[in-house]
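Trainee: I'll drop the sequence and a predicted model, then ask my questions.
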Amino acid sequence: MVHRPILIACLLTSSAESVWSQPWAIQPGLDDSSHQFVVDSESTRSPELESTLANGKTIFRHMIDALDVMQSHYYELWIGTWPSAIDWTAAVVNTALSSALGTIARASKETGDDQYSSVINKYFSHNAAYYFGEDAFSIRNEAYDDILWTTLEWLENIKTIEYRNSTNPSWHGVQFIPGFSHRARLFWDLASKGWDNDLCGGGMIWNPRLLPYKNTITNQLFISASVAMYLSSPGDSIDFPFLASDSQTFGAMPGRPHDPKYLKAAIEGYTWLKKSNMTNAQGLYVDGYHIKGYSQNGSIGTGKCDDRNEMIYTYNQGVILSGLRGLWEATGNRSYLDDGYDLIRDVMASTGWSWSGEPHSPIHKSSSWAGLGQYGIIEELCDRSGSCSQDSQTFKGIFFQHLTQFCEPLPLEAKVPGKTHAASRLLRTKHKDFCKTVGLWAAHNAEAALSTRDASGLFGTWWGYSYAAKTHPKSLPDRAVDYRNDASILTTSKWAHAGKSHSTAVTGRQAAESNGDFTTADVNDRGRGRTVETQQGGLSVLRSSWELLNLGSH
């Protein structure tokens, strides 16, 4: 039976034919006609979910298309990288690539015929080549968040390799695990130097070449990377201090699996973050804190995080989610999952998507700007003006990457008895049902992202244009400083550290020109236009919708 959905039935509000029913540029050999969503027979499915599930094959096909376009259009195998990316965005792109391969491998297992083996092998070779193409020497001298993206990147690659090897024993990718593990461990060691107890009672400093700024993203990354090191690192038997930053690291002992120091760092990091007053009245994470009175002459001022930057970015709502999922598995403490559920509800509400949080409950999409979007579509504030920098073009994809990791099925048996924990059947079912309903929202965003593709299959950055072009939010929240889209702010006295170069803080952070003219032929051609970062966003939201709606099969 051929399904021709009408904009995911009750979910979407447009008279146009759904982009789900418009397959684009399917590559030879990638027919997925045998793949179907598998849904728990015990679940009572809502009409919205029934309609969305009918599009399962098309969602999956679009995801493979997005991956193929990203790699064919932006990746250069001869140098092993995406030349237009900068160091940290390339790490994010590589993470998205690896995660997509894991999803494709799971689909292959479900169909039982491994029909996507050639796709997995082809693009894993790009993963492996990037290990050598990555400018690891440069990254070690950048801000602590840049370093931590690299740690997460290689841990995600290891997870994909181990999963693939479990279904295809002796898979060739296993040979890369020692190198990937080594880089992840060394970069975690480098980043851990950013933890500071002298100011604000703890927390990570963003950039040692600027005045102290304790921001959300660096702390969330440290939490997520630390617990991922505890859960996913197979250990590091290489004792050569490749990329060591100083003599203290030289000769450091190799890492070991499930080292309690990583779990300790993650727990302490989240304890600090939760007490830091880093969330606003909507429950969203703001960007970070300066210290009042801190000066370049040596005064630490109040020594407290008391000058808050109210700027909101989408990725600040996402990275902590993978950390919370990991903290639950490492400790068995249910409160970590509950905090994740609350944050996800708040993010959805901030896009105008009203939902009680209970599966099958009514859904309402508001046309009013709600803080991070409207009509249920997530946005950066810079999307509308066409002024997003290379940083901000990456953020929405990051959010969906970590949302998907949070929603991974909870294990019924401890993966490593004595080191990790398992869920009861009741908790596993609740987690699955919650995330499957969140999948409706993810699918709504995936369809919006698909609507931005051009004739070449390239995704734009403003997913919500076709839904909300005529209404505008306040340009910035009160007391918000958007330094991610205007890097020149980092050269001002409030940020710059006297006597230390701050050039590495702004290198590669390319601000786009603002252009508020919505009458152009394609609003997503403004500013930086379509990039590898926006393609990563499209890939990540498609993968997220497929994984969350397909949870019944795991």
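Mentor: Perfect, thanks for sending it.
Trainee: State the number of residues packed around residue 272.
Mentor: 22 (other C-beta atoms under 10 Å). Any C-beta I mention is one placed from the backbone N, CA and C, and that applies to glycine too.
Trainee: Can you tell me the SS state at it?
Mentor: Using DSSP: H, G, I helix; E, B strand; the rest coil, the structure places residue 272 in helix.
Trainee: Okay, the closest residue to it other than its chain neighbours and residue 150: tell me how far apart.
Mentor: Once flanking residues are discounted, residue 272 sits nearest to residue 202: 4.2 Å by C-beta to C-beta, 6 or more residues apart in numbering. Going from residue 202 to residue 150 by C-beta to C-beta, to the nearest Å gives 23 Å.
Trainee: which residues touch residue 138?
Mentor: residue 87 (C-beta atoms under 8 Å, 6 or more residues apart in numbering).
Trainee: Could you do residue 128 as well?
Mentor: 173, 176.
Trainee: Assumed it was part of a helix.
Mentor: Yes: checked against three-state DSSP, residue 128 lies within a helix.
Trainee: confidence score at it?
Mentor: Listed pLDDT for residue 128 reads 96.
Trainee: Could you do residue 533 as well?
Mentor: Looking at residue 533, its pLDDT stands at 98.
Trainee: Tell me the buried residues in the helix or strand where it lies?
Mentor: In this structure, residue 533 sits in helix 532-549 according to DSSP states H and E. Applying a neighbour-count criterion of 16 or more other C-beta atoms under 10 Å, one finds 532-549 buried in helix 532-549.
Trainee: quick revisit: just say helix, strand or coil for the residue nearest to residue 272.
Mentor: Going by three-state DSSP: residue 202 is coil.
Trainee: I'd guessed it sits against residue 196; true?
Mentor: Yes: using C-beta atoms under 8 Å, residue 202 makes contact with residue 196 at a distance of 7.3 Å.
Trainee: more crowded one of those two?
Mentor: Shown here are residue 202 and residue 196; by other C-beta under 10 Å, residue 202 has more neighbours (19 against 15).
Trainee: Tell me the spacing between that one and residue 265.
Mentor: 11 Å.
Trainee: what's the overlap in contacts for these two?
Mentor: residue 195.
Trainee: quick one: contacts for residue 196?
Mentor: 202-205, 212, 214.
Trainee: ah, wrong one, I meant residue 332
Mentor: Residue 332 touches residue 421, counting by C-beta under 8 Å, 6+ apart.
Trainee: just for the stretch 351-500 of the chain, where's the confidence low?
Mentor: Within the stretch 351-500 of the chain, the segments meeting pLDDT under 70 span 357, 359, 469-474, 498-500.
Trainee: just the helices in it please.
Mentor: Using DSSP state H, counting those that start in this stretch, the helices found in the stretch 351-500 of the chain span residues 381-385, 392-406, 425-450, 465-468.
Trainee: Find me the pLDDT at residue 256, would you?
Mentor: 85.
Trainee: so what's it closest to, chain neighbours aside?
Mentor: residue 235 is the one closest to residue 256 (C-beta to C-beta, 6+ apart), at 4.9 Å.
Trainee: Poorly predicted segments of the stretch 101-250 of the chain, please.
Mentor: For the stretch 101-250 of the chain (pLDDT under 70), the answer is 111-113, 240-250.
Trainee: can you give me the helices in it?
Mentor: 117-133, 136-139, 144-167, 177-192, 216-232.
Trainee: Are there helices or strands packed against the fourth one, and which ones?
Mentor: Applying 3 or more C-beta pairs under 8 Å, 6 or more residues apart in numbering; DSSP states H and E, one finds that helix 177-192 contacts helix 117-133, helix 136-139, helix 144-167, helix 216-232.
Trainee: So what's the gap between that helix and the chain middle?
Mentor: Helix 177-192 has its C-alpha centroid displaced from the chain centroid by 20 Å (C-alpha atoms, centre = their mean, to the nearest Å).
Trainee: And the shortest one, by the same measure?
Mentor: Relative to its chain's centre, helix 136-139 lies at 21 Å (C-alpha atoms, centre = their mean).
Trainee: Can you name the residues in contact with stretch 292-303?
Mentor: 198-200, 211-212, 291, 304, 306-307, 497-499.
Trainee: Make a ChimeraX selection of the buried ones in those residues.
Mentor: Paste this into ChimeraX to select the buried members of those, with burial taken from 16+ other C-beta under 10 Å:
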select :199,200,211,212,291,307
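Trainee: Out of the contacts of stretch 292-303, which comes closest to residue 330?
Mentor: residue 200 (25.1 Å; C-beta to C-beta).
Trainee: just to revisit the earlier point, ok, the residue nearest to residue 256 to residue 489 distance?
Mentor: Residue 235 is 42 Å from residue 489, by C-beta to C-beta.
Trainee: All the strands of the protein, residue numbers only.
Mentor: Assigned by DSSP state E, the strands in the chain fall at 214-215, 288-290, 307-309, 353-354, 364-365, 373-374, 377-378.
Trainee: Would you mind giving these as a markdown table with distance to residue 445 added?
Mentor: As requested, those are exported to a markdown table (distance: least, C-beta to C-beta, whole Å):
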| stretch | distance to residue 445 |
| --- | --- |
| strand 214-215 | 25 |
| strand 288-290 | 26 |
| strand 307-309 | 26 |
| strand 353-354 | 9 |
| strand 364-365 | 11 |
| strand 373-374 | 9 |
| strand 377-378 | 6 |
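Trainee: Let me know which of the ones you listed is the nearest to residue 417.
Mentor: strand 214-215 (37.1 Å).
Trainee: chain center to that closest one, what's the gap?
Mentor: 19 Å.
Trainee: Give me the neighbour count for residue 401.
Mentor: 27.
Trainee: Hmm, residue 95 and it touching each other?
Mentor: Yes: Residue 401 is within contact range of residue 95, at 6.5 Å (criterion: C-beta under 8 Å).
Trainee: Pick out the residue closest to the middle of the protein.
Mentor: residue 398 (2.2 Å; C-alpha atoms, centre = their mean).
Trainee: Next, the contact list for that one, please.
Mentor: By C-beta under 8 Å, 6+ apart, the residues touching residue 398 are 92, 314-315, 318-319, 540.
Trainee: can you rerun that using 7 Å?
Mentor: When contacts are counted by C-beta atoms under 7 Å, 6 or more residues apart in numbering, residue 398 touches 92, 315, 318-319.
Trainee: for residue 154, same thing?
Mentor: Per C-beta under 7 Å, 6+ apart, neighbours of residue 154: 180, 183-184.
Trainee: Quick check: the gap between the closest residue to residue 260 other than its chain neighbours and residue 330.
Mentor: Excluding the flanking residues, the one nearest residue 260 by C-beta to C-beta, 6+ apart is residue 230, at 7.6 Å. Here the criterion is C-beta to C-beta. By it, residue 230 lies 6 Å from residue 330.
Trainee: Can you give me the end-to-end span of stretch 79-94?
Mentor: Counting by C-alpha to C-alpha, to the nearest Å, you get 14 Å between the two ends of stretch 79-94.
Trainee: In this model residue 156 seems to touch residue 99, though I could be wrong.
Mentor: Yes: using C-beta atoms under 7 Å, residue 99 is in contact with residue 156, at 6.0 Å.
Trainee: more neighbours, the two?
Mentor: Neighbour count, other C-beta under 10 Å: between residue 99 and residue 156, residue 156 has more, with 27 against 23.
Trainee: dump the residue contacts of that one.
Mentor: Contacts for residue 156 (C-beta under 7 Å, 6+ apart) come out as 95, 98-99.
Trainee: now, which of those residues lie within helices?
Mentor: Using DSSP state H, the members of the contacts of residue 156 that fall in helices are 95, 98-99.
Trainee: Right, I'll call it a day here.
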